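Peer 1: Next one to model:
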Amino acid sequence: MSSSKILLITGVSSGFGRALAQEALAAGHTVVGTVRSTEARRDFEALSANSAFARKLDVTDFDAIDATVADIEANIGPIDVLVNNAGYGHEGVMEESPLSEMRRQFDVNVFGAVAMMKAILPFMRARKRGHILNITSMGGYITLPGIAYYCGSKFALEGISEALGKEVKPFGIAVTAVAPGSFRTDWAGRSMTRTPRSIADYDALFDPVRQAREEKSGKQLGDPRKAALAMLAVIDSEKPPAHLLLGSDALGLVRNKLAELEKEIRDWETVTISTDG
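Peer 2: Numbers count the residues shown, from 1 in each chain. Take a look at the predicted model:
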């Protein structure tokens, strides 16, 4: 086994966060998880008397993040790995979805993740080591109608992760954006916020997408435990990747997207270079 590390994982009550926490504990790591309630805190700390610690934190409570991270550093130990897992999916046709829904989607999926990174970086920079994993999505590469705000938030986190990785590499800090495909988590169920439908023009496009997602919920190809093991392999790696896709569905869809993009670039190349000089 590799050396034991301290992991801080946001959103450990379910999904990837819970699966990763359990596998990390089994591998001998210490895990600090953020939870939203006292009950969830007790539930998480019951996983291991000596290695599982919970902190109540909502990642959109930006003012509380610095103090929480400083408390963990002072009382539990140096955070080796930050895993930004807290997030949720918003489903809704863009024209129908209020801006308030977009703001909340970005507050959790983007601003919350960035606030966590900003709080942890001074400690990692001082130690000249550390690893940040941002759980994005294949929706940070490919898009589907009906999840515009979600894809926007994940595209944003992909870009921020990649740029940050270049900024902190000289300090021995690695940043990996982990983009899962469809997994058996709560994403399409309890964790999904759905904007009510209001414009009939979109029925033909959107209704089959929503129906397919609901039917597939709980029966997805991806196994969260296997995703957790893949993430632990990345954490243990000497040279972790800047991007990691998880799942054969993500691989196929992202490869198709890149091929389509390459073709479109070629088709419009003359127009592209006509603007020089």
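Peer 1: mind listing what the closest residue to Phe183 other than its chain neighbours touches?
Peer 2: Nearest-residue entry for Phe183: Gly222, 3.3 Å, with adjacent residues in sequence omitted and distances by CB to CB, 6 or more residues apart in numbering. Quick note: C-beta positions are derived from backbone N, CA and C, even for glycine. For Gly222, the contact set (CB atoms under 8 Å, 6 or more residues apart in numbering) comprises Pro180, Gly181, Ser182, Phe183, Arg184, Leu246, Gly247, Asp249.
Peer 1: mind checking how far the residue nearest to the first one when sequence neighbours are not counted is from Leu261?
Peer 2: Counting by CB to CB, 6+ apart, the nearest residue to Pro180 once its immediate chain neighbours are dropped is Leu246, at 4.3 Å. Plainly put, Leu246 is 21 Å away from Leu261 if you go by CB to CB, to the nearest Å.
Peer 1: didn't the residue nearest to Pro180 look like it was pressed against Ala177?
Peer 2: No: shown here, Leu246 and Ala177 do not form a contact pair, counting by CB atoms under 8 Å, at 11.1 Å.
Peer 1: Who has more neighbours out of the two?
Peer 2: Ala177 (27 against 23; other CB atoms under 10 Å).
Peer 1: Quick check: pLDDT value at Ser217.
Peer 2: Looking at Ser217, its pLDDT is 73.
Peer 1: That one: neighbour count?
Peer 2: Ser217: 17 surrounding residues under other CB under 10 Å.
Peer 1: Please work out how many residues are found near the residue nearest to Ile173 when sequence neighbours are not counted.
Peer 2: Once flanking residues are discounted, Ile173 sits nearest to Gly130: 4.5 Å by CB to CB, 6+ apart. Counted with other CB under 10 Å, residues neighbouring Gly130 total 23.
Peer 1: how close does Gly130 sit to Arg104?
Peer 2: Distance from Gly130 to Arg104, by CB to CB: 29 Å.
Peer 1: do Ile132 as well
Peer 2: 23 Å.
Peer 1: More neighbours: those two, which one.
Peer 2: Ile132 (26 against 16).
Peer 1: now that one, which residues is it bridged with?
Peer 2: Leu82, Val175 (DSSP bridges).
Peer 1: confidence score at it?
Peer 2: So, for Ile132, pLDDT stands at 98.
Peer 1: could you pull out the helices for the chain?
Peer 2: Taking DSSP state H to define them, one finds helices in the chain at 15-26, 38-45, 62-75, 99-106, 113-127, 148-168, 203-216, 224-236, 248-267, 269-273.
Peer 1: one step back: give me every residue that touches the residue nearest to Pro180.
Peer 2: Contacts of Leu246 by CB under 8 Å, 6+ apart are Val178, Ala179, Pro180, Gly181, Phe183, Gly222, Ala227, Ala230.
Peer 1: Among those, which ones are in strands?
Peer 2: Val178, Ala179, Pro180 (DSSP state E).
Peer 1: Redo those as a markdown table? Include pLDDT.
Peer 2: Formatted as a markdown table, these follow (pLDDT from 0 to 100):
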| residue | pLDDT |
| --- | --- |
| Val178 | 98 |
| Ala179 | 97 |
| Pro180 | 96 |
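Peer 1: List only those of the residues you listed flagged as buried.
Peer 2: The neighbour-count test (16 or more other CB atoms under 10 Å) marks Val178, Ala179, Pro180 as buried among the ones in strands among the contacts of Leu246.
Peer 1: Identify, from these, the entry nearest to Leu57.
Peer 2: Val178 (20.9 Å; CB to CB).
Peer 1: unless I'm mixing things up, that closest one is touching Ile135, no?
Peer 2: Yes: at 5.3 Å, Val178 counts as touching Ile135 under the criterion of CB under 8 Å.
Peer 1: circling back to that earlier point, out of the helices of the chain, which is the most enclosed?
Peer 2: helix 15-26 (a mean of 23; mean count of other CB atoms under 10 Å).
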